[in-house]
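Colleague: give the three-dimensional model of this entry:
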Amino acid sequence: MNAEMGVGSAHLPIIEDEVVEYSQPPKTASSSILERTMSLAELLDMNAFRDVCTSFVDLYRIGIKIFDADGTKLIDIRVGNTEWCGYIFQNARGRSLCTELVTRIKQFSYPGLPDGQVVEQTCFSGLKYLITSISYGGDVLGRVVYGPFMPEVLSAPGAEVGTFGDGFEPERLWAHGHKIRRVSDEKVLQILANFRSVVDTTTFVAMKAYLTQQLHVESITASYNELAESNRKLRESLEKLRELDRLKSNFLAMVSHELRTPLTSVIGYSEMLAEGLAGELTEEQKAYATTIRDKGESLLELIGSLLDMSKIEAGAMRLNLSDVEVGPLVEGAKSYVVPQAQRKSVELIVDVQPDLPRLRADREKLRQCLINLLGNSVKFTPSGGQIRLGASVFVGARRMAVDDGRFGPPDETFVRLDVSDTGIGIPADKLEAVFERFYQVDNSITREYGGTGLGLAIVKRFVEAHEGEVWLETREGVGTTFSLLIPIERTMEATEIALS
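Modeller: Okay, the predicted model is just below:
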């Protein structure tokens, strides 16, 4: 058995009585499964693999030991050699040699053998072991120690046992040999080749499944890490935007507040000039003073809107709840826009259902909602047009109510406020944005209609703060209807609620 045998379906090349240390470059830790060597313990279901090994041992009566690449013993199935080895181990010299041999085999050729080679180890007692590697893709995963078995040509224990002394009897040792499988070199290589085929197939299937699983995990992990990094950047951007928004709101609040005082003086003095308190004015001078007053009041309204929105965004505005009569509320809002409507020859019609229930609401906030809607209608309704302000009880589901799939959306009782006009209408592609802050349907610098674009945004915030709903229906060139639903039975019990 000193010569290498050809590689075939039943034979593996064999190296006799030679321990060769094969060095491989150390594997560095990597985040990818493709860049690191797997261990057998990670790949295989050891219980199932042990059953496979046991079946070979039961069939051929030769023991099998499986070691991981780092020398960790994973499987140790012995057969037939217990009494043989036990008798040797009783002798001090035999125990020393036996320990040396076991150590040699356990530490043999770390991290493994070249693929396709078998090394034969002969025990001093005459028994033999065959050692071969388990590998995948050039990486050594572990090794198989097959044996011990008794060579077919062996007729007596090895000569070394005759030197043990201390009452050791080689004939007694040989008497235990009948329990150890006697097999020819060719036969044992064929058995080992078959076992290697099973191991290689098992390893290939396990590695394929493991790589598939781990690559999937890595892909998910990489996607998660990318998403986490994107979320981190988005959070940072969001914090910066929030800070900018807070600074903007504070700036608007400060500037608006500082503008109101001098503007109030401008309006007051222009009123006194128009009334002749500072001396008689010509008609042309009165007209100029009146224009100053009117423009000042318009500017004051814009500043008020900016202040309201700043307070809303800062969470500093609260609802002051009280019992509100709907009829007086509607009439008060109407009276505010009557002068504007008259100047444009726009007819204002109020249609309030009698005996409307009271609302638990903030009177001024609802009044401002109606004034904003009526002001918009006057602005966008041409001369000779008509605006209708209606109030009625509405029983039904909210437009945005969630259907639970069993009973449909729940019905509630509301006061419905409608502001309809015969104005220019709103293009269909602009409907989703009209309630956004600072939004103008016509954003060009030459736009015909002025304003800050805050009126509808404030309406939406105020209505939602009352746990209500607002929407619009429009036809371009025909007119627009804004509808508000204010619930009569409120879930809010506190008299003040901060808007967020």
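Colleague: residue contacts, the nearest residue to Val161 once chain neighbours are set aside?
Modeller: Computed as CB to CB, 6 or more residues apart in numbering, the closest residue to Val161 that is not its neighbour in sequence is Pro170, at 5.2 Å. In short, each C-beta sits where N, CA and C put it, glycine included. The neighbourhood of Pro170, defined by CB atoms under 8 Å, 6 or more residues apart in numbering, consists of 156-157, 161-162.
Colleague: also Gly384?
Modeller: Applying CB under 8 Å, 6+ apart, the residues near Gly384 are 345-346.
Colleague: what is the neighbour count of Leu359?
Modeller: 23 (other CB atoms under 10 Å).
Colleague: before we move on, back to that, quick one, which of the contacts of Pro170 are buried?
Modeller: 157, 161 (16 or more other CB atoms under 10 Å).
Colleague: using TSV, lay out the contacts of Pro170 together with distance to Arg242, pLDDT and secondary structure.
Modeller: Listed next are the contacts of Pro170 as TSV, based on distance: CB to CB, whole Å; pLDDT from 0 to 100; DSSP: H, G, I helix; E, B strand; the rest coil:
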residue	distance to Arg242	pLDDT	secondary structure
Ala156	91	91	coil
Pro157	87	91	coil
Val161	86	88	helix
Gly162	91	87	helix
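Colleague: between the contacts of Pro170, which is closest to Ala278?
Modeller: Val161 (135.4 Å; CB to CB).
Colleague: how far away is that closest one from His257?
Modeller: 107 Å (CB to CB, to the nearest Å).
Colleague: which pLDDT value belongs to the residue nearest to Val161?
Modeller: At Pro170, the model reports a pLDDT of 90.
Colleague: repeat that for Ala401.
Modeller: 58.
Colleague: likewise for Thr103?
Modeller: 80.
Colleague: give me the element it is part of.
Modeller: helix 92-106 (DSSP states H and E).
Colleague: what about that helix, distance to the chain center?
Modeller: Computed by CA atoms, centre = their mean, to the nearest Å, the chain-centroid distance of helix 92-106 equals 58 Å.
Colleague: that one packs against which elements?
Modeller: Counting by 3 or more CB pairs under 8 Å, 6 or more residues apart in numbering; DSSP states H and E, the packing neighbours recorded for helix 92-106 are helix 82-89, strand 118-122.
Colleague: Serialize these to CSV and add fields for mean pLDDT.
Modeller: Output for the helices and strands packed on helix 92-106, formatted as CSV (pLDDT from 0 to 100):
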stretch, mean pLDDT
helix 82-89, 90
strand 118-122, 86
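Colleague: just those: most buried one?
Modeller: Each of these was scored by mean neighbour count; the highest is strand 118-122, a mean of 21, by mean count of other CB atoms under 10 Å.
Colleague: CA-only coordinates of stretch 117-137 in PDB, if you can.
Modeller: Taking Å, rounded to 0.1, in the frame of the first residue of the first chain, the C-alpha atoms of stretch 117-137 are listed here in PDB:
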ATOM      1  CA  GLN A 117      -6.800  12.100  -1.200                       C
ATOM      2  CA  VAL A 118      -6.800   9.400   1.600                       C
ATOM      3  CA  VAL A 119      -4.100   9.100   4.200                       C
ATOM      4  CA  GLU A 120      -3.600   5.800   5.900                       C
ATOM      5  CA  GLN A 121      -2.600   5.700   9.600                       C
ATOM      6  CA  THR A 122      -1.400   2.400  11.100                       C
ATOM      7  CA  CYS A 123      -1.800   1.800  14.800                       C
ATOM      8  CA  PHE A 124       1.100   0.200  16.700                       C
ATOM      9  CA  SER A 125      -1.200  -2.700  17.400                       C
ATOM     10  CA  GLY A 126      -1.600  -3.500  13.700                       C
ATOM     11  CA  LEU A 127      -5.000  -1.900  13.100                       C
ATOM     12  CA  LYS A 128      -5.400   0.800  10.500                       C
ATOM     13  CA  TYR A 129      -7.400   4.000  10.000                       C
ATOM     14  CA  LEU A 130      -8.100   5.900   6.700                       C
ATOM     15  CA  ILE A 131      -8.400   9.700   6.800                       C
ATOM     16  CA  THR A 132     -10.000  11.800   4.100                       C
ATOM     17  CA  SER A 133     -11.200  15.400   3.800                       C
ATOM     18  CA  ILE A 134     -14.700  16.800   3.400                       C
ATOM     19  CA  SER A 135     -14.600  19.800   1.200                       C
ATOM     20  CA  TYR A 136     -16.700  22.100  -0.900                       C
ATOM     21  CA  GLY A 137     -15.500  24.600  -3.500                       C
END
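Colleague: how far away from the center of its chain is it?
Modeller: Mean-position distance between stretch 117-137 and its chain equals 52 Å (CA atoms, centre = their mean).
Colleague: what comes up buried for that stretch?
Modeller: 117-136.
Colleague: next, the angle strand 118-122 makes with the longest helix belonging to the chain.
Modeller: If you go by DSSP state H, the chain has its longest helix at helix 185-274. If you take axes from the mean of the first three to the mean of the last three CA atoms, to 10 degrees, helix 185-274 sits at 130 degrees to strand 118-122.
Colleague: same for the next helix or strand after helix 185-274, what does it pack against?
Modeller: As assigned by DSSP H and E, the chain's next helix or strand after helix 185-274 is helix 283-314. Counting contacts by 3+ CB pairs under 8 Å, 6+ apart, helix 283-314 is packed against helix 185-274, helix 455-465.
Colleague: the next helix or strand after helix 283-314 pairs with which strands, and in what direction?
Modeller: Sequence order places strand 318-320 as the next helix or strand after helix 283-314, per DSSP H and E. Strand 318-320 pairs in its sheet with strand 496-498 (antiparallel), by DSSP bridges.
Colleague: now the partner strand: average pLDDT?
Modeller: 42.
Colleague: closest to Thr72 out of the helices and strands packed on helix 92-106?
Modeller: strand 118-122 (19.2 Å).
Colleague: ok and that closest one relative to helix 92-106, angle-wise?
Modeller: Using the same axes, to 10 degrees: strand 118-122 against helix 92-106 is 170 degrees.
Colleague: what pairs with strand 118-122, parallel or antiparallel?
Modeller: Counting by DSSP bridges, strand 118-122 is paired with strand 14-16 (parallel), strand 128-136 (antiparallel).
Colleague: neighbouring contacts of the longest one?
Modeller: Among residues not part of strand 128-136, those counted as contacts by CB under 8 Å, 6+ apart are 12, 14, 38, 40, 66, 105, 108-109, 112-115, 117-123, 140-151, 188-189, 192, 196, 199-200, 203-204, 207.
Colleague: cool, thanks, signing off.
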